[in-house]
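following is a predicted model, sequence given first.
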Number of protein chains: 2
Amino acid sequence: MISTKGRYALRVMVDLASQDAGHFVPLDEIAERQGISKKYLEIILKTLVEKKLLKGMRGKGGGYRLTRRPEEYTAGEILELAEGTLASVACLRAGAEPCERRERCSTLPMWERFDRMVHDFFYGITLAELAAEGTDAVP
Amino acid sequence: MISTKGRYALRVMVDLASQDAGHFVPLDEIAERQGISKKYLEIILKTLVEKKLLKGMRGKGGGYRLTRRPEEYTAGEILELAEGTLASVACLRAGAEPCERRERCSTLPMWERFDRMVHDFFYGITLAELAAEGTDAVP
DNA sequence: ATTAAACCTATCTTGTCAATAGGTAAATAG
DNA sequence: CTATTTACCTATTGACAAGATAGGTTTAAT
């Protein structure tokens, strides 16, 4: 299950993609429009800024804006960043300690195929495509 | 992320599919072979029995066995049952209260497509296929 | 009667999600 | 220079679920 973190992150990115590029949008405005708690959204935006998906600007006239064009983001990178991982099972996470049953695991090939499919799905969708699907964003 | 519940359930089903059909396998034996806590496994097996995926038999010579042939189970049904849902986002769960932003949600179509893909993937894999992939099972 | 097993109820620990609270630093406007 | 607006930072909370653990009860075979 994708948590609200990832879903909210996507919504915010789509929201910003629909705004005037180069213009800073304050958090209050985004939270209002998306119906998300401001304080909670702050946490999510923080990580997006840290990972350079967004630029934050303080003070009057400040806010957030994209650092690239919408077609240069993928849903996969946004979700992975917000969620921490897109891995479907613990043993396939990036830093997971290798499972000692790895060799004789009859379900591992399935999980690997699944993970590849999930990855390809989300990394094959750009923010521009999502923004084109509607005006507002949920979930 | 699929939790251990779903993963363990699958492993147990594969384990039983590799055993002599019609023969009852005690929980202790399965837990031992799979390296899973007996007590925790008990909880998982309980739901599999309730949903008729397994037959439990008490007393000496008792244990668990499949109720159908391995090719008549799909990974999807086992996972969905153990996990409670396979839905990737909360708003797509079976009994979810309808989201009021549903109409103007630009990400919903993506989630719906994703869910369909996930469903088709897991429901397209039979227990017989999994059991054929290896001898033992993990994760 | 004894033993092997499933079944049942309750409890525990740990961790994460989702959110809240309250402050600090930077940029602009007047 | 002061006030305002904004992002940024640290800490805490409450609810809930994951992942077990403990101990007792019932059923079936020997």
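All right, it came through fine.

what's near enough to touch the residue nearest to the spatial centre of chain A?
Closest to where the C-alpha atoms of chain A average out (CA atoms, centre = their mean) is A:I78, at 2.5 Å. By CB atoms under 8 Å, 6 or more residues apart in numbering or on different chains, A:I78 lies in contact with A:6, A:9-10, A:13, A:48, A:53, A:127. For every residue, glycine as well, the C-beta is placed using N, CA and C.

if we go to 10 Å?
Contacts for A:I78 (CB atoms under 10 Å, 6 or more residues apart in numbering or on different chains) come out as A:6, A:9-10, A:12-14, A:48, A:51, A:53, A:122, A:125, A:127, A:130.

and it, how close does it get to chain B?
Using CB to the nearest CB, to the nearest Å, A:I78 is found at 11 Å from chain B.

what about that residue, distance to A:F122?
Counting by CB to CB, to the nearest Å, the separation of A:I78 from A:F122 is 9 Å.

so what's in contact with these two at the same time?
A:6, A:10.

ok but A:G56 is inside a strand, no?
Yes - assignment of A:G56 by DSSP: H, G, I helix; E, B strand; the rest coil places it within a strand.

next, the closest residue to it other than its chain neighbours: secondary structure please.
Leaving aside its sequence neighbours, A:G56 sits nearest to A:V49 (CB to CB, 6 or more residues apart in numbering or on different chains; 4.6 Å). With three-state DSSP as the basis, A:V49 sits in helix.

tell me where chain A has strands.
Per DSSP state E, chain A carries strands over the ranges A:54-57, A:63-66.

what about the last one, near DNA strand D?
Yes - counting by CB under 7 Å from any atom of the strand, DNA strand D has neighbours in strand A:63-66: A:63-64.

who are the packing partners of that strand?
helix A:4-17, helix A:27-34, helix A:38-50, strand A:54-57 (3 or more CB pairs under 10 Å, 6 or more residues apart in numbering or on different chains; DSSP states H and E).

repeat that for the first one.
Helices and strands touching strand A:54-57, by 3+ CB pairs under 10 Å, 6+ apart, are helix A:4-17, helix A:38-50, strand A:63-66.

just the CA trace of the last one, in PDB.
The C-alpha trace of strand A:63-66 is given here as PDB (Å, rounded to 0.1, in the frame of the first residue of the first chain):
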ATOM      1  CA  GLY A  63       7.000  29.300  -1.600                       C
ATOM      2  CA  TYR A  64       7.800  26.300  -3.700                       C
ATOM      3  CA  ARG A  65       8.300  25.600  -7.400                       C
ATOM      4  CA  LEU A  66       9.500  22.800  -9.600                       C
END
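
now do the top helix by length along chain A, average pLDDT.
Scanning chain A for the longest helix, with DSSP state H as the assignment, gives helix A:108-123. In this model, helix A:108-123 has an average pLDDT of 95.

anything in it near DNA strand D?
No - judged by CB under 7 Å from any atom of the strand, helix A:108-123 stays clear of DNA strand D, getting no closer than 14.4 Å.

run the chain-centre distance for that helix.
Distance, stretch centre to chain centre, for helix A:108-123: 18 Å (CA atoms, centre = their mean, to the nearest Å).

next, the angle from that helix to helix B:4-17.
Per axes from the mean of the first three to the mean of the last three CA atoms, to 10 degrees, the angle that helix A:108-123 makes with helix B:4-17 is 140 degrees.

before we move on, back to that, how about the strands of chain A, which one is nearest A:L27?
Among the strands of chain A, strand A:63-66 comes nearest to A:L27, with 6.7 Å by CB to CB.

now do stretch A:104-113: distance from first to last residue.
End-to-end distance of stretch A:104-113 (CA to CA, to the nearest Å): 17 Å.

that one: how far from the chain's middle?
27 Å.

in chain A, which helix or strand is least confident?
helix A:127-133 (a mean of 92; mean pLDDT, DSSP states H and E).

CA atoms only for that helix, dumped as CSV, please.
The C-alpha trace of helix A:127-133 is given here as CSV (Å, rounded to 0.1, in the frame of the first residue of the first chain):
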residue,chain,number,x,y,z
LEU,A,127,4.4,14.4,-14.2
ALA,A,128,3.3,16.2,-17.4
GLU,A,129,1.1,13.2,-18.2
LEU,A,130,-0.5,13.3,-14.8
ALA,A,131,-1.1,17.0,-14.8
ALA,A,132,-2.8,16.6,-18.2
GLU,A,133,-5.3,14.1,-16.7
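
many thanks, we can stop here.
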